[in-house]
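1. need a structure here:
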Amino acid sequence: QVQLAESGGGLVHPGGSLTLSCTASGRIRSGWAMGWFRQGREKDREFVARISWNGERTRYAYSVEGRFTISNGNDRNTKYLQMNNLQTDDTDTYYCAVGNEALGLWDYWGRGTQVTVSS
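-> Sure, this is the predicted structure:
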């Protein structure tokens, strides 16, 4: 079993920044990655970014590339999503997940943290 704890959401003005963190506890298997997803009311869940557990590989959704950065913390079980130049369309609940990187199967999910971008 793996437990995920997200933090860092909040309210920010357009153009502002937030950093989300996700800490995993439990048994992390070889070949796993951490991903960030977001979902709003009446919207499908959307992939945001992912990072291999060792931090060597990252991937971003087109909508956030160049504005968001996913990275490892000093402790590899904690990873960060730095979000810059936030826009109102970025308003969503953000979830971290872990699972098999190659298969894109996300086995464990956090409870989510709300990000609201509003003037």
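2. how many neighbours does Gly8 have?
-> A total of 16 residues lie near Gly8 under the criterion other CB atoms under 10 Å. Glycine gets a C-beta too; all of them are placed from N, C-alpha and C.
3. residue contacts, it?
-> By CB atoms under 8 Å, 6 or more residues apart in numbering, the residues touching Gly8 are 18-21, 81, 113.
4. Can I have the buried ones of those residues as a PyMOL selection?
-> Paste this into PyMOL to select the buried members of these, with burial taken from 16 or more other CB atoms under 10 Å:
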select buried, resi 18+20+21+81+113
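5. Please identify the one among the contacts of Gly8 that lies nearest to Asp92.
-> For the contacts of Gly8, the minimum distance to Asp92 (CB to CB) is 10.0 Å, reached by Thr113.
6. How about the closest one, nearest residue that isn't a chain neighbour?
-> With sequence-adjacent residues excluded and distances taken as CB to CB, 6 or more residues apart in numbering, Thr113 is closest to Gly9, at 3.4 Å.
7. Against Gln87, how distant is that neighbour?
-> According to CB to CB, to the nearest Å, Gly9 stands 16 Å off from Gln87.
8. more crowded one of these two?
-> The neighbour comparison of Gly9 against Gln87 (other CB under 10 Å) goes to Gly9, with 17 against 13.
9. quick one: contacts for the most centrally placed residue in the chain?
-> Residue closest to the average C-alpha location in the chain (CA atoms, centre = their mean): Trp36, at 2.6 Å. Neighbouring residues of Trp36 by CB under 8 Å, 6+ apart: 20, 22, 48-50, 70, 81, 94-97.
10. one more time with 6 Å
-> By CB atoms under 6 Å, 6 or more residues apart in numbering, the contact set of Trp36 is 48-49, 81, 96.
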